[in-house]
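# Sequence first, predicted coordinates after that:
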Amino acid sequence: MQIVRTPGSARAIARTLHRPVGLVPTMGALHAGHVSLVERARSENASVVASIFVNPLQFGPNEDFDKYPRAFERDVEMLADAGVDLLYAPAVERMYRPDFASSIDVGPVASSFEGARRPGHFAGVATVVAKLLHAIEPTSLYLGQKDVQQTAVLRAMLRDLDMPTNVVVAPTLRERDGLALSSRNVYLDIVQRAAAPSLYRALSSVSRAIERGETDAARILATGRALLAPPLVWDYLAIVDPLTFEELDPVRRPAVAIGVARAGSVRLLDNVTIASANGVDPILTPPHDLPRAARIRH
Ligand code: AMP
């Protein structure tokens, strides 16, 4: 596995890779969820590029940029073992010159829920992912369902800006008790950790109610809200349209149940998708549905 540190060297080496190329962007502190994205990319592409970059643009002033977990040596080992060909791990100064001022505003899908609670977050995500796409020029971009609003924001950016990259969204990997794997789970104390799976139970109950045919959002959400175990408290629980992230009431399918629970200063983020009546998942890209460009040898 080659490691590159600057946009210029990333582009030069990425251009020598056999296509199709899959790109898996991460902020490091890797876990099995990240590895599952790399494995998916490995199975669908001739070459796999991963990036590790803790992106200051997507952290608010009171967020955990400085203390975000970093484990570079271990990450390198995990990515090499998973078959990554090229790791792009730039320093902040190589990504953003002192006078860097550009930003990508994706519009309404980036302004609700996570966008409302973390002003500037999705502009930071869109901007850094656009830079990664320009450096690597991948055939497909691999994203986790875990950050479901992020998948909608990036799909909108690619569509609106005619960026020639497919998006592949892979399912959320979970602990056995249902807690979604996250680099931030290390922040949880024992009591918070024990309560944490109740977020997924609440989201699953919302999903089951919708699958049973219930349509009254307030009633469905009240039942779900009651399932969160203390000391967790709700930031939000909502049922949204998979494309626009507008709340659905009455509820229709397909839909996404999204939730954030707070455990002290830690925000636990999760979601469950509710397929359309004919079984099509609104977010996930089926494994057999290889990206169109990935079937063509460039
Ligand atoms: P992060 O390092 O948190 O920015 O995540 C990098 C990528 O991994 C994003 O596309 C995430 O959605 C994805 N990801 C994070 N957690 C999981 C998980 N538990 N299962 C699958 N993908 C995940």
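Everything's here; your move.

# so what's the closest residue to Arg42 other than its chain neighbours up against?
Excluding the flanking residues, the one nearest Arg42 by C-beta to C-beta, 6 or more residues apart in numbering is Gly83, at 4.7 Å. From N, CA and C alone the C-beta is placed, and that goes for glycine too. By C-beta atoms under 8 Å, 6 or more residues apart in numbering, the contact list for Gly83 reads Val38, Glu39, Arg42, Val48.

# Helix, strand, or coil at Gly83?
Using DSSP: H, G, I helix; E, B strand; the rest coil, the structure places Gly83 in coil.

# Check Pro138 too.
Classified using three-state DSSP, Pro138 is coil.

# and the gap between it and the ligand?
Pro138 sits 14 Å away from the ligand, going by C-beta to the nearest ligand atom, to the nearest Å.

# again, but for Pro61
For Pro61, the distance to the ligand - C-beta to the nearest ligand atom - is 19 Å.

# Let me see the backbone angles for that residue.
Per-residue torsions, Pro61: phi -60, psi -30 (degrees, to the nearest 10).

# helix or strand for Ala123, which one?
helix 121-136 (DSSP states H and E).

# So which bits of that helix are buried?
Burial within helix 121-136, assessed by neighbour count using 16 or more other C-beta atoms under 10 Å, is assigned to 121-133, 135-136.

# just stretch 203-214 next, same as before
Quick answer for stretch 203-214 (16+ other C-beta under 10 Å): Leu203, Ser204, Ser205, Val206, Ser207, Arg208, Ala209, Ile210.

# burial measure for the residue in the stretch 51-200 of the chain that the ligand sits nearest to, as a count.
Per C-beta to the nearest ligand atom, Gly144 is where the stretch 51-200 of the chain lies closest to the ligand, at 2.4 Å. Gly144: 23 surrounding residues under other C-beta atoms under 10 Å.

# quick revisit: could you check whether the helix holding Ala123 is close to the ligand?
No - figure legend: helix 121-136 not in contact with the ligand (C-beta under 6 Å from any ligand atom); closest approach 8.6 Å.

# After that helix, which helix or strand is next? Please name it.
Helix 121-136 is succeeded, C-terminally, by strand 140-144 (DSSP H and E).

# which residue sits closest to the residue nearest the centre of the chain, ignoring its sequence neighbours?
Centroid check for the chain by C-alpha atoms, centre = their mean gives Asp147 as the closest residue, at 3.4 Å. Excluding its sequence neighbours, the residue lying closest to Asp147 (C-beta to C-beta, 6+ apart) is Leu269, at 7.1 Å.

# Need the three-state assignment for the one you found.
What three-state DSSP gives for Leu269 is strand.

# OK, contacts around it?
Glu114, Lys146, Asp147, Ala180, Ser182, Gly259, Val260.

# now swap in Ala10 and tell me
Neighbours of Ala10 in contact, by C-beta under 8 Å, 6+ apart: Val4, Leu86, Tyr88, Pro90, Ala135, Ile136.
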